[in-house]
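> Sequence plus predicted model, see below.
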Amino acid sequence: MIGLYGLAGVLLFAGLGHLGNPEEFLAQVPRWFPARDAVVLVSGFVEIALAIALVAARRHRAQIGWIVAAYFVAVFPGNISQYVTHTDAFGLDSDTARAVRLLFQPVLVAWALWSTGAWRDWRAGQAKRRATKQGQMITPAG
C-alpha cells in the first residue's frame with residue numbers, strides 16, 4: 001500500500017505543480033505543439049484525477065494502474081523533447097540530468113503496474129488462459 005499511496009502522492013504533487021507553476025512544465029511540451037498552455041493544464045488535472053482514482057477506486061485499481069502506466073508512456077515524448085532541445089526545467093540543467101530523467105520513466109511505468117496489482121493480475125490471467133488452453137483448468141467440485 002505504501003507504493004500505491006506514494007504513486008498517488010507523486011501524481012498529486014505533479015498535477016498541482018502543473019497548475020501552480022505551469023512554466024516549468026511547458027519545457028516538456030514541444031514548441032511546435034498546439035495549445036501548449038492547455039496541454040499543461042489538462043495534464044495537471046489528469047494527474048490529479050489519476051491520483052484520486054488510485055486511492056478511491058479500489059475495485060478498479062488494476063485497470064487504473066494500466067491507465068496510469070499508459071499516461072506515463074504518453075507523456076514520455078515530452079521528456080524526450082526536453083532532452084533533445086536542451087531545455088532547462090525542474091533543475092534539469094544539463095544533458096546528463098535530462099538523460100537520467102529519461103531513464104526514470106520506465107520506473108514510473110513499472111511502479112504503476114506493480115503498486116496497483118495490474119501486472120500481477122495480468123500474469124494470473126495469462127496463467128489461467130494457458131491452463132485452460134492446455135485442458136488443465138481445475139474446477140471446483142459441485
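Happy to help now that I have it.
> Output the lowest mean pLDDT helix or strand found in the protein.
helix 118-133 (a mean of 74; mean pLDDT, DSSP states H and E).
> now stretch 87-101, how far from the chain's geometric center?
Centroid separation between stretch 87-101 and its chain, computed with CA atoms, centre = their mean, to the nearest Å, is 19 Å.
> can you give me the end-to-end distance of that stretch?
End-to-end span of stretch 87-101 (CA to CA, to the nearest Å): 13 Å.
> buried set for that stretch?
87, 89, 92, 98, 101 (16 or more other CB atoms under 10 Å). C-beta coordinates here come from the backbone N, C-alpha and C atoms, glycine included.
> If I follow the layout properly, the third one ends up in contact with Arg98?
Yes - the pair Leu92 and Arg98 passes the contact test of CB atoms under 8 Å, sitting 4.8 Å apart.
> Output the longest helix belonging to this structure.
helix 61-84 (DSSP state H).
> How much space separates the closest residue to Asp121 other than its chain neighbours from Phe45?
Nearest residue to Asp121 in three dimensions, chain neighbours excluded: Ala62, at 4.5 Å (CB to CB, 6 or more residues apart in numbering). Distance, Ala62 to Phe45, by CB to CB, to the nearest Å: 23 Å.
> more neighbours, the two?
Ala62 (16 against 12; other CB atoms under 10 Å).
> got a list of what the residue nearest to Asp121 touches?
Going by CB atoms under 8 Å, 6 or more residues apart in numbering, Ala62 touches 116-118, 120-122.
> Name the spans of the protein whose pLDDT lies under the cut-off.
127-130, 135-142 (pLDDT under 70).
> about what we covered before: okay, buried residues for the longest helix of the chain please.
Buried, per 16+ other CB under 10 Å, within helix 61-84: 61-62, 64-69, 71-72, 75-76, 78-79, 81-83.
> repeat for stretch 103-122
108-109, 111-116, 118-119, 121.
> next one: stretch 8-27
For stretch 8-27, using 16+ other CB under 10 Å, the buried residues are 8, 11-12, 14-15, 17-18, 22, 24-27.
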